[in-house]
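Q: Coordinates for the following, if possible.
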Amino acid sequence: MFEATTLNLLKIPLKSLENKDKIKYKNIFIDIEKKYIEDIEKLGYINDITESLKHINFKDITIKELLTRNPEEIIKNTYNDYIKSNFSDHFFEIANEKSFKSLINKLKDELNEKLLKEKVKIEFNKRKYNKSKHPYLYYNIYNILNPKLKKVEDKQDFFGKPTNLTVSGQLEAELAALALSKVYTFGPTFRAENSNTTRHLAEFWMIEPEIAFADLDDDMDLAEDLLKYCIGYVLENCKDDLQFLSKRQQDEEKQKPQNERSMELFEKLNFILKEPFERLTYTEAIEILRNSKPNKKGKFQYPVEGFGTDLQSEHERYLVEKHFKKPVILTDYPAEIKAFYMRLNEDGKTVRAMDILFPGIGEIVGGSQREERYEVLLEKVKQFNIPEEELWWYLDTRKFGTAPHSGFGLGFERLVQFVTGMGNIRDVIPFPRTPKNAEF
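A: Below you'll find the predicted structure:
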């Protein structure tokens, strides 16, 4: 018998089927198959929730953040939908058990994510505005950041409360990953950033894997494998199309000055496959850029001054195309320029984040190891001025059975833009939606 003093999240490796044993917690006995067990490793914790249970009417209790761990929900979600694509094929191949059961995490009419609203509140609090005294200003900010939804009274709202277009399926995927171990979402996401560049869209599709029991190294390995698999697949199966696209690109490049020309398409794709991606920290990259000739001679549009500099596309391309001459993965960014959910490093200044940089387009993947420690996550939520009541369900996942987990987002259109050699991302999506432009 295994006896636990607190109810911990345990990793019990499977072995075989016979001889039952039990795990005892207080007066609770959990049946397990004894020969399933090789060893038990403590990975996280579950809060003690047994106190005063006799006074609770269990019919009135709903723990929504644990719904994905209901066996019926797991079976329904796992087998309900498979994405019939090469991404699924790749995930099936790389999983340890040779089968990566895909979960399409429904985006619930694209309105269930609240991060845009939280961003407004963060900015509002930073500027020390009072919502009650400046309601017009508050809603002006809200409408700028979220232009597709007009302001209505909460009681008139379709859902009975403010809702927004989703910027990511990540937070919901984290809930699913803690039940299913390996999941991913693939769906439309939205940004209300005023970025009129050849690499930005206001609406785009994103592939977002989320993996339990994984650290940042595992996350980087998966992202690199996925990118190489997709590009290798296209090179092997779409040669005629690539020949056509390559000739088209070469004709366009001839019209540009020599120093502004891109790599030839086949050269660029093989550039990704031939070597492992270079991995270095943000701090190391800043030192390289700060001491580079373009920075010293003032040729960068945005000078690199030191730690805390938000890297621009010109900096990313310099690292990839000039310095290392291979794809680059930057890690351990300053906490102040990254999201609240990224795991804080021991130095207290940086987080376990990573970006993958490609030639021509810069960042193609952004990911991180998630903050699984409840107290640390709660403190970061407060530092970012995010109301706790907005993220109660997300915070509760750290209370009821947490584990180390990681994930990333891969912009699908950016990947297609890179593989096809298109100069503008608006050419790889049928109905591009950009700032001040949503005709269709």
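
Q: From here on, just use CA atoms for contacts and neighbour counts.
A: OK.

Q: need the longest helix for this protein.
A: helix 216-237 (DSSP state H).

Q: could you say what helices and strands that one packs with?
A: Judged by 3 or more C-alpha pairs under 8 Å, 6 or more residues apart in numbering; DSSP states H and E, the packing partners of helix 216-237 are helix 86-94, helix 265-273, strand 350-358, strand 362-369, strand 405-411.

Q: Hmm, residue 215 is touching residue 406, no?
A: Yes - judged on C-alpha atoms under 8 Å, residue 215 makes contact with residue 406 at a distance of 5.9 Å.

Q: anything in contact with each of those two?
A: Common contacts of residue 215 and residue 406, defined by C-alpha atoms under 8 Å, 6 or more residues apart in numbering, comprise residue 369.

Q: Wait, residue 277 touches residue 330, no?
A: No - at 10.1 Å, residue 277 and residue 330 do not qualify as touching, with contact defined as C-alpha under 8 Å.

Q: Show me where the chain has its strands.
A: Using DSSP state E, the strands of the chain run over 2-4, 8-11, 20-25, 28-33, 41-45, 182-190, 203-212, 278-281, 328-334, 350-358, 362-369, 405-411.

Q: so the longest helix of the chain versus strand 405-411, what angle?
A: Helix 216-237 runs at 40 degrees relative to strand 405-411, counting by axes from the mean of the first three to the mean of the last three C-alpha atoms, to 10 degrees.

Q: tell me which residues in helix 216-237 are buried?
A: Judged by neighbour count using 16 or more other C-alpha atoms under 10 Å, the buried positions of helix 216-237 are 216, 219-220, 222-229, 231-232, 234-235.

Q: do stretch 366-381 as well
A: Within stretch 366-381, the residues scored as buried using 16+ other C-alpha under 10 Å are 366-374, 377-378, 380-381.

Q: Look at residue 312 and say how many residues are nearby.
A: Per other C-alpha atoms under 10 Å, the neighbour tally for residue 312 reads 15.

Q: And the pLDDT at it?
A: Predicted confidence (pLDDT) for residue 312: 90.

Q: before we move on, the earlier item: quick one, which of the helices and strands packed on helix 216-237 is nearest to residue 185?
A: For residue 185, the closest of those is strand 405-411, at 9.3 Å, according to C-alpha to C-alpha.

Q: packing partners for that closest one?
A: By 3+ C-alpha pairs under 8 Å, 6+ apart, strand 405-411 packs against strand 203-212, helix 216-237, strand 362-369.

Q: Determine the angle, from 0 to 180 degrees, between that strand and strand 203-212.
A: 160 degrees.

Q: Now do strand 405-411, average pLDDT.
A: Here the average pLDDT along strand 405-411 is 95.

Q: CA atoms of stretch 360-370 as CSV?
A: Output in CSV follows, covering the C-alpha atoms of stretch 360-370 (Å, rounded to 0.1, in the frame of the first residue of the first chain):
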residue,chain,number,x,y,z
GLY,A,360,13.1,36.7,-44.3
ILE,A,361,10.3,36.8,-41.9
GLY,A,362,11.8,36.8,-38.4
GLU,A,363,9.7,35.2,-35.7
ILE,A,364,7.7,32.2,-36.9
VAL,A,365,7.1,30.4,-33.5
GLY,A,366,6.6,31.8,-30.0
GLY,A,367,6.3,29.5,-27.0
SER,A,368,7.1,29.0,-23.3
GLN,A,369,7.2,26.7,-20.4
ARG,A,370,4.0,27.7,-18.4
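
Q: what does that stretch rub up against?
A: Residues outside stretch 360-370 that contact it (C-alpha under 8 Å, 6+ apart) are 199, 214-216, 219, 223, 262, 313, 316-317, 341-343, 352-358, 404-411, 414-415, 418.

Q: what does the average pLDDT come to for that stretch?
A: 93.

Q: So, low pLDDT: which residues of the stretch 101-250 of the chain?
A: Filtered on pLDDT under 70, the stretch 101-250 of the chain yields the residue ranges 101-156.

Q: mind redoing it with 50?
A: Along the stretch 101-250 of the chain, the parts satisfying pLDDT under 50 run over 101-113, 134-150.

Q: More neighbours: which of residue 215 and residue 406?
A: residue 406 (29 against 18).

Q: got the contact list for the more buried one?
A: Residue 406 touches 210-216, 218-219, 367-370, counting by C-alpha under 8 Å, 6+ apart.

Q: Now residue 210: closest residue in space, sequence neighbours ignored.
A: residue 407 (4.3 Å; C-alpha to C-alpha, 6 or more residues apart in numbering).

Q: any idea how far the one you found lies from residue 205?
A: Computed with C-alpha to C-alpha, to the nearest Å, the distance linking residue 407 and residue 205 is 16 Å.

Q: ok, these two, which is more surrounded?
A: Shown here are residue 407 and residue 205; by other C-alpha under 10 Å, residue 407 has more neighbours (30 against 20).

Q: I'd guessed that one sits against residue 209; true?
A: Yes - counting by C-alpha under 8 Å, residue 407 touches residue 209, with 5.5 Å between them.

Q: was I right about residue 203 contacting residue 432?
A: Yes - Residue 203 is in contact with residue 432 according to C-alpha under 8 Å; the separation is 7.4 Å.

Q: So the two - more neighbours on which side?
A: Shown here are residue 203 and residue 432; by other C-alpha under 10 Å, residue 203 has more neighbours (21 against 18).

Q: list the contacts for that one?
A: By C-alpha under 8 Å, 6+ apart, the residues touching residue 203 are 188, 189, 190, 191, 432, 433, 434.

Q: could you redo those residues as TSV and give each row distance to residue 337?
A: Formatted as TSV, these follow (distance: C-alpha to C-alpha, whole Å):
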residue	distance to residue 337
188	24
189	21
190	20
191	17
432	28
433	26
434	24
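
Q: any idea of the pLDDT on residue 299?
A: 89.

Q: and the gap between it and residue 330?
A: Relative to residue 330, and taking C-alpha to C-alpha, residue 299 is found at 22 Å.

Q: Compare the two (neighbour count), which wins?
A: Here residue 299 and residue 330 are set side by side on neighbour count (other C-alpha under 10 Å), and the busier one is residue 330, at 22 against 10.

Q: Hmm, residue 356 and that one touching each other?
A: Yes - between residue 330 and residue 356 there is a contact at 6.6 Å, judged by C-alpha under 8 Å.

Q: Okay, and the beta partners of the nearest residue to residue 408 once chain neighbours are set aside?
A: Excluding the flanking residues, the one nearest residue 408 by C-alpha to C-alpha, 6+ apart is residue 367, at 3.7 Å. Note on residue 367: beta-bridge partners by DSSP bridges are residue 354, residue 408.
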